[in-house]
Structures are given as C-alpha cells and as structure tokens.
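Participant: sequence plus the predicted model coming up.
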Amino acid sequence: MALMPKRVKHRKSQRGRIKGNATRGNKVVFGDFGLQATQGGWIKARTIEAGRIAAQQYVRGEGRLFIRIFPDKPVSSKPLETRMGKGKGEPEAWVAVIKPGTVLYELAGVTEQQAKICFARLASKMPVPVRLVQRRPA
C-alpha cells in the first residue's frame, strides 16, 4: 500500500528546486538511531514502502521503526512518443522532497550493531546517499 495524501489542494505541482539544508526534521527524535540523507532529492512512495518492509523484516518484534518522511508532492509525466503540447501530463507518482540532513527513518529498541545492519539494508534502496546518526543525550 503506497503512501499518498488523502486529498490535496492542487492536483499537479511544479518541480521546484531544492535549496539549502534541512532545518526541520534533521534530528533523531522518536528513536535511538536514525538514517539521515546527506544529499537532497526526491524519494518515491514505493521506495519509502520498500524501505519500511526491509526494516520491518530485520527488526521483527524487538524494535520499533519510525518513518519521518511522507510523499506529498505529485509528479506528472507524459506518455512516451507523444507530441509536444496538449498540456501537462497526469500525476504518475507521489514523492517526498528531501533536503540534505533530513532524517528518513528512525529505530528504537535495538542495539547499535543491529541498527547498522538494518540501515545498511535500507541505504541500498535509497536514491540519495545516507548515513547513520544517533540521538544526542538531552
């Protein structure tokens, strides 16, 4: 079940530009370890779901997984070999816009070694380079 918003204000959106680093969502808040993006980009809803499944299979019942991103941007495309004009294409996929420093996933209730192994599985599925970060003691 791919993530997507229940309703949106506008059905189609412009591409936009990713500028600067993340100022929100850049710290580990819910878990003990986090997977942080080191570059900006788009992450599709299907990729987020694939990462969730890979992490849940590894963690099983002992840890808790938190997904910190949500795909709320529609990406449209025109069919191949279509002539120019005739308007913008139909929404094809939903993506989450990621700035450098955004925490994508968090894990709680696991050791550091387990978190490293789990996030290594996730990192291979992500379209942006990522790194492991720990929660700072408050």
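Facilitator: Everything's here; your move. Values in this document were obtained by computation on a predicted structure and should not be read as measured data.
Participant: ok, the residue lying farthest from the centre of the chain to Ser77 distance?
Facilitator: The outermost residue of the chain relative to its centre, with distances by CA atoms, centre = their mean, is Arg83 at 33.3 Å. The span separating Arg83 from Ser77 equals 15 Å under the rule CB to CB, to the nearest Å. C-beta here means a position set from N, CA and C on the backbone, and glycine is covered the same way.
Participant: tell me where the longest strand sits in this protein.
Facilitator: Within the chain, and with DSSP state E defining each element, the longest strand by residue count is strand 90-98.
Participant: what's the lengthiest helix in the chain in contact with?
Facilitator: Across the chain, the helix with the greatest residue count (assigned by DSSP state H) is helix 45-59. Around helix 45-59, the neighbours that count as contacts under CB atoms under 8 Å, 6 or more residues apart in numbering are 1-4, 65, 67, 69, 71, 93-96, 104-105, 107, 110, 114, 117-118, 121-122, 125-127.
Participant: buried ones from those, can you make that a PyMOL selection?
Facilitator: Taking 16 or more other CB atoms under 10 Å as the burial criterion, the selection of buried members of the contacts of helix 45-59 in PyMOL is written as:
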select buried, resi 3+65+67+69+71+93+94+95+96+104+105+107+110+114+118+122+125+126
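Participant: so for stretch 87-107, what's the average pLDDT?
Facilitator: Taken as a whole, stretch 87-107 carries a mean pLDDT of 96.
Participant: run the chain-centre distance for that stretch.
Facilitator: Relative to the centre of its chain, stretch 87-107 is centred 6 Å away, using CA atoms, centre = their mean, to the nearest Å.
Participant: number of residues surrounding the nearest residue to Val110 once chain neighbours are set aside?
Facilitator: When the adjacent residues along the chain are set aside, Val110 lies closest to Gly63, with 4.0 Å between them (CB to CB, 6 or more residues apart in numbering). The number of residues packed around Gly63, counting by other CB atoms under 10 Å, is 20.
Participant: need the phi and psi values for Gly63.
Facilitator: Per-residue torsions, Gly63: phi -120, psi 180 (degrees, to the nearest 10).
Participant: okay, strands next: where are they in this protein?
Facilitator: 33-37, 41-44, 64-67, 73-77, 90-98, 103-108, 130-134.
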